[in-house]
Structures are given as structure tokens and as C-alpha cells.
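Enquirer: here you go, sequence then predicted model.
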Amino acid sequence: MHSLGNSLRKRLHSILASPRKARKEWGKQYWQELDGIRNISCRHCPKFNEQKITCTIPFGTPLRKCVIAATEAHLSDARDKNVLEIGFGRLSLGRNLVNRSGGTWTGVEPHQPKERKPQLGKGGYGHAEDIPFPDNTFDMVFGIQSFEHWGQKAAAAARKPSEYSDCLNEIRRVLKPGGAVYLDAPMHFHGHEMFIMGDIQKIASLFPDEDWCNVVIEKWRYDYEPLERYAPTEKLFDEWQEEIFSYDAVEVERVKAEPIWLFTISAEKK
Ligand SMILES: C[S@@+](CC[C@H](N)C(=O)[O-])C[C@H]1O[C@@H](n2cnc3c(N)ncnc32)[C@H](O)[C@@H]1O
């Protein structure tokens with residue numbers, strides 16, 4: 001999946017990303033609601049090709065395809081908005097969608113050199129627990145495949161694990177009242193234990209009613225058929241051992257047999 005062809009297709013997709021096309025594609029209801037959670041099954045996803053029985057996103061793992069689809073669904077309408085991305089890495093589809101739809105993208109990333117201070121409209125050093133901007137700056141804050149790493153203990157983590165409540169308070173601080181947060185993370189893959197275990201309740205509890213409203217949770221690829229199953233491999237389980245400490249062994253064994261899917265959460269600052 002990390003072939004040259006794959007990364008070129010990924011880069012090209014990001015360069016050509018069209019917010020208008022994405023708004024058209026995702027403008028109608030693309031989910032089925034079950035117990036207050038939105039379910040985006042592969043079969044009913046706008047990216048599903050019924051004749052070829054494939055996902056039409058031409059690169060990436062099954063998880064990354066969902067990440068691309070969900071990013072297009074959530075970030076294509078940023079007109080006149082000041083938008084902050086947390087943990088943008090290197091290539092940001094979100095940045096292109098935000099800027100091209102008439103918004104202003106700014107990013108913070110702990111892997112940037114410390115002396116590179118972020119400014120409105122540019123990326124620089126910063127992390128979820130310490131966002132170098134004044135209160136009430138942004139209309140929207142988002143993070144793509146970053147949320148699960150903020151409190152991660154394993155050596156791969158960029159820095160000392162953060163408390164999730166501190167990160168969410170910091171995001172709330174830089175959001176304007178009524179501003180929105182959008183985060184995605186894989187379930188049963190890596191990162192903090194609550195994501196490995198797929199503990200939706202625990203993640204949702206980070207958005208208490210007194211601070212947040214209109215909390216929306218989506219499950220992408222939870223219902224993956226007729227596409228392929230995408231499951232965690234043995235290689236990941238060593239890292240799981242380092243991360244998981246508050247769930248019992250029987251639960252962990254059950255989760256090892258679950259397929260990987262994409263969790264997204266959005267909420268508005270009260
Ligand atoms: C899997 S990469 C995803 C990068 C990019 N968003 C993407 O989708 O390609 C995870 C990113 O989260 C960043 N990250 C990890 N811990 C973070 C934290 N506490 N605050 C902000 N970003 C963090 C990492 O440095 C890395 O760039």
C-alpha cells in the first residue's frame with residue numbers, strides 16, 4: 001500500500017480535490033441512523049461502485065479510503081471560516097478542501113521544528129494540549145488520524161502522552177462560541193486504548209453536555225460487506241499490550257477478532 005504509485009495517486013487526489021464536487025457528492029444523507037449513531041456502510045457509501053464491487057478511491061488501505069471519504073464529507077464547506085488542523089503531518093487533503101472552499105487553513109503539528117511558529121493561514125509547531133493561538137480564534141478545529149495518538153503511550157507517539165480532557169479543553173478555548181470540532185480515528189488499530197478497544201462511550205464522555213452540543217458520531221466501514229474485511233494483524237498486538245491497561249484480557253481477545261473501522265465525532269462549542 002506504500003508503493004510509489006499509491007503515494008502519487010494520493011498526492012494527485014489531494015492536489016485535484018474539489019470542494020464543489022465533494023459538496024455535490026456528500027450533500028444528501030449518506031448514512032443510516034441506528035441508536036443515535038450514523039452508520040456509513042460500504043454498500044450505501046457514495047464511493048461504492050456497484051458494478052465493480054469496489055471503493056472508487058484509487059489508493060490507500062481500506063481504512064485510508066474511508067478517511068478520504070469522511071474528510072470530503074466534512075470539510076468541503078469552509079467559506080469565510082478560520083479553520084485549524086491538529087496533527088497535519090505532511091500532506092493535508094483537509095487544507096486543500098478548506099482553502100479552496102473559501103476558508104483559511106492553519107495547522108499545528110508536533111513534528112514541525114519548534115521555532116516554526118504557526119500563523120493564521122500557515123502551519124507550524126504545536127500540539128493538541130498547547131495550541132499557540134488566543135481564545136475564540138477558530139470557527140472549526142479538525143484532526144485527521146491524529147486524535148488516537150494524543151494520549152498514546154507506545155514509543156511511536158510523538159511526545160509525552162496528553163490527557164484527553166486537557167486537549168479538548170484547549171480546543172474549546174481556541175474555538176469561537178458555536179464553533180465546531182471534527183475528529184476521526186481508527187478503531188481496533190492503534191493509539192490510545194479507548195480507540196483500540198472501540199470504546200465509543202468513553203470517547204463520547206470527553207464531550208460533556210455542559211461544554212458541547214450537537215455531538216454526532218459516525219461509524220464508517222463498520223458494515224464493510226460486500227467489500228473486504230480489514231482486520232488487525234498479529235504485528236499490532238505487541239503495541240496493544242503496551243497500551244491496554246484498563247480492560248480485561250477476555251475483552252481484549254474479543255476485540256482482536258473485530259474488523260478495523262473509522263470512527264468520527266463532531267460537536268459544537270456551547
Ligand atoms: C497518522 S499521522 C496523520 C497525519 C495526517 N493528519 C494524515 O492524515 O495523513 C498522526 C499525526 O498526529 C500527530 N500527533 C500526534 N500526537 C499529537 C498531539 N498530541 N497533538 C497534535 N498532533 C499530534 C503526529 O505528529 C502525526 O502527524
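Expert: Cool, the structure landed. Computed from a predicted model, the values in this text were never measured in an experiment. Numbering: from 1, shown residues only.

Enquirer: need the residues of this protein near the ligand, please.
Expert: Near the ligand, the residues belonging to the chain are 86-89, 109-111, 127-128, 144-146, 149-150, 158, 162 when assessed by CB under 6 Å from any ligand atom. C-beta here means a position set from N, CA and C on the backbone, and glycine is covered the same way.

Enquirer: one more time with 8 Å, if that's ok
Expert: Within the chain, the residues that sit near the ligand (CB under 8 Å from any ligand atom) are 67, 85-94, 108-111, 126-129, 143-146, 149-152, 157-159, 162, 167.

Enquirer: from those, which land in helices?
Expert: 67, 93, 94, 167 (DSSP state H).

Enquirer: just the buried residues of the residues of the chain next to the ligand.
Expert: The neighbour-count test (16 or more other CB atoms under 10 Å) marks 67, 85-88, 92-94, 108-110, 126-129, 143-146, 149-152, 157, 162, 167 as buried among those.

Enquirer: specify the local secondary structure of residue 71.
Expert: Following DSSP: H, G, I helix; E, B strand; the rest coil, the label given to residue 71 is helix.

Enquirer: residues touching it, list them.
Expert: 93, 94, 97, 144, 184 (CB atoms under 8 Å, 6 or more residues apart in numbering).

Enquirer: what sits opposite the last one in the beta ladder?
Expert: Counting by DSSP bridges, residue 184 forms beta bridges with residue 264.

Enquirer: pretty sure it contacts residue 143?
Expert: Yes. With contacts counted by CB atoms under 8 Å, residue 184 reaches residue 143, the gap being 7.5 Å.

Enquirer: can you get me a residue count around residue 251?
Expert: Neighbour count for residue 251, taken as other CB atoms under 10 Å: 13.

Enquirer: separation between the spatially closest residue to residue 117 that is not a sequence neighbour and residue 21?
Expert: The shortest distance from residue 117 to any non-neighbouring residue, by CB to CB, 6 or more residues apart in numbering, is to residue 124 (5.1 Å). Using CB to CB, to the nearest Å, one obtains 30 Å as the distance from residue 124 to residue 21.

Enquirer: so for these two, which residue has more residues nearby?
Expert: When residue 124 and residue 21 are compared for neighbours, residue 124 comes out ahead with 17 against 12, by other CB under 10 Å.

Enquirer: now do the strands in the chain.
Expert: 32-34, 37-40, 48-49, 54-55, 82-86, 104-108, 123-124, 138-143, 175-187, 212-220, 261-269 (DSSP state E).

Enquirer: of all these, which one is nearest residue 203?
Expert: With distances scored as CB to CB, the stretch of the strands of the chain nearest to residue 203 is strand 261-269 (6.7 Å).

Enquirer: elements contacting the closest one?
Expert: Helices and strands in packing contact with strand 261-269 are listed as helix 62-74, strand 175-187, helix 200-204, strand 212-220; criterion 3 or more CB pairs under 8 Å, 6 or more residues apart in numbering; DSSP states H and E.

Enquirer: for residue 116, which of the ones you listed is the nearest?
Expert: For residue 116, the closest of these is strand 175-187, at 23.1 Å, according to CB to CB.

Enquirer: list the buried residues for the closest one?
Expert: In terms of neighbour count (16+ other CB under 10 Å), strand 175-187 has its buried residues at 175, 179, 180, 181, 182, 183, 184, 185, 186, 187.
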